[in-house]
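Student: Fold the following and give me the result.
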Amino acid sequence: MKEVMKFVNWFRVHNNADLKQFDFAEPLTQMKVMKLLYYVQGVSLAVDNEKAFPEKIVAWKYGPAVEEVHKKYIGQRNITGTISQEDLDDYHEIEHDPKLRIVVNAVQSSFGDKSAIELMHQTHHETPWKETPQSNEILPQLMKEFFLKEVVEVK
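Tutor: The predicted model follows:
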């Protein structure tokens, strides 16, 4: 298990590379990364039977969110920014973990091309968010049960 900001940095580094390579790539937003983190946690629970990160995911109005990420990027829409050596180190730390590498790459491959709004609407139709009262934690067990049904095979 790694702290959530390491995953945020993985997505930031990946997005930074996409922005340099593709004209159509859009900068990573705080809202989008929150949804991607939700999928990372859900897939990790379903596939590896463990959390990818210890921080809670809560049901907010605009979908699943991680309060620590919101606090770090409060007032910022785009979060790609300048990539530091620490960001790169976090990226490589996740890439060198065989289980986590599979999970984050599967999530990026499945959902990385969707907009934050598309992901918000998608999560609003999923059981974990729908069954969790607003501002409460989306329980890992609820996520695991949902993702076990939804994620047939990501490896």
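Student: tell me the phi and psi of the residue located most distally from the centre of the chain?
Tutor: For the chain, the largest distance from the centre (Cα atoms, centre = their mean) belongs to Asp23, which lies 23.2 Å off. Main-chain torsions, Asp23, degrees, to the nearest 10: phi -60, psi -30.
Student: again with Pro64
Tutor: Dihedral angles of Pro64 (phi, psi; degrees, to the nearest 10) stand at phi -60, psi 140.
Student: who are the neighbours in contact with it?
Tutor: Applying Cβ atoms under 8 Å, 6 or more residues apart in numbering, we find Pro64 in contact with Met34, Lys35, Leu37, Tyr38, Ile57, Val58, Thr123, Pro128, Trp129, Ile138. C-betas here are computed from N, CA, C, even on glycine.
Student: Could I get the contacting residues of the last one?
Tutor: Counting by Cβ under 8 Å, 6+ apart, Ile138 touches Tyr38, Lys56, Ile57, Val58, Ala59, Pro64, Pro128, Trp129, Thr132.
Student: excluding its backbone neighbours, what's nearest the last one?
Tutor: With sequence-adjacent residues excluded and distances taken as Cβ to Cβ, 6 or more residues apart in numbering, Thr132 is closest to Ala59, at 3.9 Å.
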